[in-house]
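>>> need the 3D shape of this:
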Amino acid sequence: MVTSLGEPGDSASVDPEQRLGNPSVISRLVRAPEFGAAAAAILIYGFFSITSSGRLLTLDATAGWLDTAAYLGIIAVPVGMLMIAGEFDLSIGSMVGAGSISVGVIAGALNQPLPLAVGFAFLFAIAIGVCNGLLVTRTGLPSFIVTLGTNLVVAALALTLSRQLANTTTITVYTSGLLSQLFSSQWKSFGISILWWVLILVIAAWVLRYTRFGNWILATGGDAERARRAGVMTSRVKIILFVCTALAATLVGVSQAVQYNTGDAVGGQGYVFQAPIVVVIGGVLLTGGYGTMLGVALGTAIYGVADAGLFYTGWNTDWAQGVTGSLLILTVLTNNTLRRLAVSALKPE
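Next up is the predicted model:
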């Protein structure tokens, strides 16, 4: 894993663990951030495939858990990158609701064109992302507190405006045209949200692995002060990532409003903790500076499979949160244990 302040290949850009010696293939494998998530994904998928008597393997079931994972994954990808940079964004829940109710109010209650509603929603997201980033970088306040406050403020704003303009928090909206198809198209049982997730995931993985900005993200999360002294624009990195998380959450809100024909001001609050949870399950450290997009994708897939698996087994779905919490603890423990063992097995120079 490159956590550099310069170009990959420079002596300063090498992970400190790599300086301890030449790790074996197995050692490198178990040290990978996504190793625990990959093992958990295989086990969870196999477990629910068996306990559901194969129903999880059907086309409809596969489409179901992929759709669930896709909406969560669209948000989890930028949240993962932000957490790798050492920050949190808990305002994503209200941004989903704000994006959804923007479509409901503008395209539904006010009967304006969908592009106007979508444009307003994304401009609002950019403004909130910039505000979050500036508050965190200029004041030094923890991002957890800043974005939790933003989540409450935006949620209250969305509720107030929707009640004032439409006298309700849920507004029926019917849309058509190319833009509508971009958010709500389906092939068989598979929604277009899956393609959005894959596209965002591929772009983020490429940025994190092959670009200078990706190195800056890792460096910022690894040691922000050292990165700043080395010339990394850490504040700009964080502001850009806060904007990305707000845009991703808004994309989910807009997509759900168009697909389900309903703008919902209070929808999306479940993502506030679901997104960070699947990111951590995917191997991203809470302290920042370590993680991959493959791990985030696997963590998201685990959540989707577990959610659908409980339904197809016929078990009480009240256990869903318990299963997610157990997976979080077990996967993080596995990742930390394997990484510690692998590092201790390396020989110093």
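>>> surely Leu135 and Leu148 touch.
No: counting by C-beta atoms under 8 Å, Leu135 sits too far from Leu148 to count as a contact (11.7 Å). All C-beta atoms are positioned from the backbone trio N, CA, C, and that covers glycine.
>>> what separation do you get for Ile192 and Ala219?
Ile192 sits 35 Å away from Ala219, going by C-beta to C-beta, to the nearest Å.
>>> the more surrounded of those two?
Using other C-beta atoms under 10 Å as the criterion, Ile192 and Ala219 rank with Ala219 on top: 27 against 18.
>>> mind checking the SS state of that one?
helix (DSSP: H, G, I helix; E, B strand; the rest coil).
>>> low pLDDT regions in this protein?
By pLDDT under 70, the weakly predicted segments of the chain are 1-31, 33, 317, 335-336, 338-349.
>>> mind running it again at 80?
1-36, 166, 314-325, 327-328, 330-349 (pLDDT under 80).
>>> helices of the protein, start to end?
Residue ranges of the helices in the chain, as given by DSSP state H, are 25-31, 35-51, 59-84, 92-103, 114-139, 143-166, 178-184, 193-210, 212-222, 224-229, 234-260, 271-281, 293-313, 320-345.
>>> so can I have a markdown table of the ones you listed showing distance to Thr287?
Formatted as a markdown table, the helices of the chain follow (distance: least, C-beta to C-beta, whole Å):
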| stretch | distance to Thr287 |
| --- | --- |
| helix 25-31 | 16 |
| helix 35-51 | 17 |
| helix 59-84 | 9 |
| helix 92-103 | 20 |
| helix 114-139 | 16 |
| helix 143-166 | 13 |
| helix 178-184 | 36 |
| helix 193-210 | 17 |
| helix 212-222 | 8 |
| helix 224-229 | 11 |
| helix 234-260 | 15 |
| helix 271-281 | 11 |
| helix 293-313 | 15 |
| helix 320-345 | 12 |
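>>> and those helices, which is most packed in?
Highest mean neighbour count among those (mean count of other C-beta atoms under 10 Å): helix 92-103, with a mean of 31.
>>> and that one, what does it pack against?
With contacts taken as 3 or more C-beta pairs under 8 Å, 6 or more residues apart in numbering; DSSP states H and E, helix 92-103 sits against helix 59-84, helix 114-139, helix 143-166, helix 234-260, strand 262-264, helix 271-281.
>>> I am finished for the moment; much appreciated.
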